[in-house]
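Asks: Here's my sequence, what's the structure:
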Amino acid sequence: MALMAVAFPISPGKTAAWRSFMAEIAGPRHAEFAASRRRAGVQERTFLQQTPMGDLVIVTLEGDDPARSFGQMIGATDPFTTWFLERVKDIHGLDLSAPMTGSPSELVIDSERAPALAR
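Replies: Below you'll find the predicted structure:
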């Protein structure tokens, strides 16, 4: 299984809205969330990291091809994904539906493998 991690800053003053969003995903919308990730072939884990520079959300995707799965998830047009992307845009200020160039993150070091990056 491959792993990918992406950090998303929370816009100033939006941490309470993010917590409400996560409560919806963990509660009444959990079945839709889980089904979305199963269709994409990944397991998602989400962490809140509070820093002096502001709060960050760290998302990990684990599966056969997490980068492909990420693209599949943000490119879907079902009602759950539309709702999810609207909430992300409001809370993080990111329009994930806009075309991306390249991977959203870069693996630099893996303690169990040879260096991933030799620049």
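Asks: what residue ranges in the chain score low on pLDDT?
Replies: Flagging of the chain using pLDDT under 70 yields the residue ranges 102, 115-119.
Asks: Could I get the full set of helices for it?
Replies: In the chain, the segments counted as helices under DSSP state H are 15-26, 30-40, 66-75, 79-92.
Asks: Gln49: which of those helices is closest?
Replies: Closest to Gln49 of those is helix 15-26 (C-beta to C-beta; 11.3 Å). Using the backbone N, CA and C atoms, a C-beta is placed for each residue, glycine as well.
Asks: Can you point out the buried residues in the closest one?
Replies: Using 16 or more other C-beta atoms under 10 Å as the test for burial, helix 15-26 gives Thr15, Trp18, Phe21, Ile25.
Asks: would you turn those into TSV with distance to Val42?
Replies: Compiled in TSV, these are given as follows (distance: C-beta to C-beta, whole Å):
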residue	distance to Val42
Thr15	25
Trp18	21
Phe21	19
Ile25	15
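Asks: coming back round to it: please identify the most buried of the helices of the chain.
Replies: Among the helices of the chain, the stretch with the highest mean neighbour count (mean count of other C-beta atoms under 10 Å) is helix 66-75, at a mean of 18.
Asks: Does anything pack onto that one? Which helices or strands?
Replies: Contact here means 3 or more C-beta pairs under 8 Å, 6 or more residues apart in numbering; DSSP states H and E; on that basis helix 66-75 packs against strand 2-9, helix 30-40, strand 42-51, strand 54-63, helix 79-92.
Asks: contacting residues around Arg113?
Replies: Not one residue lies near Arg113 by C-beta atoms under 8 Å, 6 or more residues apart in numbering.
Asks: quick one: it and Val57, what's the gap?
Replies: Arg113 sits 26 Å away from Val57, going by C-beta to C-beta, to the nearest Å.
Asks: out of the helices of the chain, which comes closest to Pro104?
Replies: helix 66-75 (6.6 Å).
Asks: Give me the residues contacting that closest one.
Replies: With C-beta under 8 Å, 6+ apart as the test, helix 66-75 has contacts from 2-4, 6, 36-37, 39-42, 61, 63, 81, 85, 96-97, 100, 103-104.
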